[in-house]
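1. Quick check, what structure comes out for this input:
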Amino acid sequence: MKKQNNRGFTLIELLMVIAIIGLLAGILIPTVGTVRENATIAAGKSQLSQYVNAILQFKNEYGYFPLSKGTNDYVINLSDEQTSLKFIETMSGRDAETGASKGVEGNRRRIVFHDFSESEFFVGDNDLPEFNQLADRFNNIGIMIMIDGNGDGFIAPEPTLSYPSKPEQKIRSNITAWVESESLDMFPAYSLWEE
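-> Purely as a prediction, here's the structure:
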């Protein structure tokens, strides 16, 4: 009768396999995090583009930009709660609390230029959205929109916080938007004028 030889993996072979798996995980996990962050930034830029389009539709409908401040270029600072509330109600044609139709800031026909989704609102400490404060996909409220109020076809955005950096020259546009951040470790910063 022949003796059966059951040979298994040695301890060294098992340790080598575990080390290789650990090395691959160490390479892949940061890459997946970077891909996820880039995808979220792309979603944030899409959100900014939707705001820009809604403002342009408002201008086409009424002949002037919403929340205008005279004849100079101006910034709509959505990190300010009152300004954010006015923007939400003006662009949606609805009361932010009740959802009832409401004419605000020149939207007298109560037209829905943008229908805000729950993912566009700031999420507070209680994990509930605050329907009077907009935020980007990272829950950063530092959203800024610059509008060409003097009608010369150029704007010169100047972010007040460290990031993003301002463009090297004026932008040929009627409107642009960006999300500011004091620290990139805390929130990513991005803008529509970036390539």
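
2. alpha carbons only for contacts and neighbour counts from here, please
-> Noted.

3. Can you tell me which helices and strands the longest helix along the chain packs against?
-> In the chain, taking DSSP state H as the definition, the longest helix is helix 11-62. Helices and strands touching helix 11-62, by 3 or more Cα pairs under 8 Å, 6 or more residues apart in numbering; DSSP states H and E, are helix 81-92, strand 175-179, strand 190-191.

4. Among those, show me which one is buried the most.
-> For these, the largest average neighbour count (mean count of other Cα atoms under 10 Å) is found in strand 175-179, namely a mean of 24.

5. So what touches that one?
-> Strand 175-179 has contacts (Cα atoms under 8 Å, 6 or more residues apart in numbering) with 48-49, 52, 136, 140-148, 155, 164, 189-193.

6. One more: stretch 67-75?
-> 76, 87, 105, 144, 145, 146, 147, 148, 149, 150, 155.

7. how close does the closest residue to the first one other than its chain neighbours get to residue 122?
-> If I follow you right, that is residue 76. Leaving aside its sequence neighbours, residue 76 sits nearest to residue 145 (Cα to Cα, 6 or more residues apart in numbering; 5.0 Å). Distance from residue 145 to residue 122, counting by Cα to Cα, to the nearest Å: 17 Å.

8. Over to residue 89?
-> Residue 89 is 16 Å from residue 122, where distance means Cα to Cα.

9. Low-confidence bits of this protein, can you list those?
-> Scanning the chain for pLDDT under 70 picks out the ranges 1-6, 195.

10. Give me the buried entries from the contacts of strand 175-179.
-> 48-49, 52, 136, 140-148, 155, 164, 189-192 (16 or more other Cα atoms under 10 Å).

11. got the angle between the longest helix of the chain and strand 175-179?
-> With axes from the mean of the first three to the mean of the last three Cα atoms, to 10 degrees as the basis, helix 11-62 and strand 175-179 are set at 150 degrees to each other.

12. now helix 11-62 against helix 81-92, angle please.
-> Helix 11-62 and helix 81-92 meet at an angle of 70 degrees, taking the same axes, to 10 degrees as the criterion.

13. Pull the distance from helix 11-62 to the chain's centre.
-> In terms of Cα atoms, centre = their mean, to the nearest Å, the centre of helix 11-62 is set 13 Å apart from its chain centre.

14. cool, and stretch 167-176?
-> Distance of stretch 167-176 from the chain centroid (Cα atoms, centre = their mean) equals 19 Å.

15. hmm, back to that, taking the contacts of stretch 67-75 together, which two end up most distant?
-> By the measure Cα to Cα, 105 and 155 form the most distant pair in these, at 22.9 Å.

16. any idea how far residue 122 lies from residue 95?
-> To residue 95, residue 122 is 17 Å away according to Cα to Cα.

17. Compare these two and say which one has the larger neighbour count.
-> residue 122 (22 against 18; other Cα atoms under 10 Å).
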